[in-house]
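Enquirer: Below is the sequence, then the predicted model.
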Amino acid sequence: MCFVARAGSTLVAYDWFRFRPGPEDGDMIALGEGEVFLFDLHVDENWRGHRIQGAIGTRIRFFCKQQGYTTAYTQISAMNRKSLKGGRGWTASGVVLRVRGSKRGRWPIITLWGSSHPLSRLRSA
């Protein structure tokens, strides 16, 4: 599912989230009952600094709570200052290192602290 933010007919932001387990960006997202995973938040450059990210995140969390979801996960990139800023207000469940481009596209997930849940390495079929 995707939430979007518009100003008139202009799309200013979107954020995708999933309710079921499945592959995402080379990883397997292993969601359990009552869990949701948010990914791929984007705010148009012309609209950054207008608290759009916080507003869309609040609406998503409110929607998920109404639907009975109790736990929401997201990924925050340590290499992206804006991503780190957007993580304020969340409780960290773990810190992982994702190594890209090894073993034919399967990327190891190394848990540095806490838990890597809901991320797990995607197994080839």
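Expert: Now that the structure is in, tell me what you want to look at.
Enquirer: The chain: helices as residue ranges?
Expert: Under the criterion DSSP state H, the chain contains helices at 52-66, 81-86.
Enquirer: Output these in TSV, with mean pLDDT and mean neighbour count appended to each entry.
Expert: Where you see a C-beta, it was placed from the backbone N, CA and C, and this is true even at glycine. Listed next are these as TSV, based on pLDDT from 0 to 100; neighbours: other C-beta atoms under 10 Å:
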stretch	mean pLDDT	mean neighbour count
helix 52-66	88	15
helix 81-86	60	13
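Enquirer: so can I have JSON lines of those helices showing distance to residue 20?
Expert: As requested, those are exported to JSON lines (distance: least, C-beta to C-beta, whole Å):
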{"stretch": "helix 52-66", "distance to residue 20": "13"}
{"stretch": "helix 81-86", "distance to residue 20": "24"}
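Enquirer: ok, and the helix or strand in this structure with the lowest average confidence?
Expert: helix 81-86 (a mean of 60; mean pLDDT, DSSP states H and E).
Enquirer: Can you give me the neighbour number for the closest residue to residue 1 other than its chain neighbours?
Expert: Once flanking residues are discounted, residue 1 sits nearest to residue 17: 5.9 Å by C-beta to C-beta, 6 or more residues apart in numbering. Residues within reach of residue 17, counting by other C-beta atoms under 10 Å, total 20.
Enquirer: Good, we can wrap up now.
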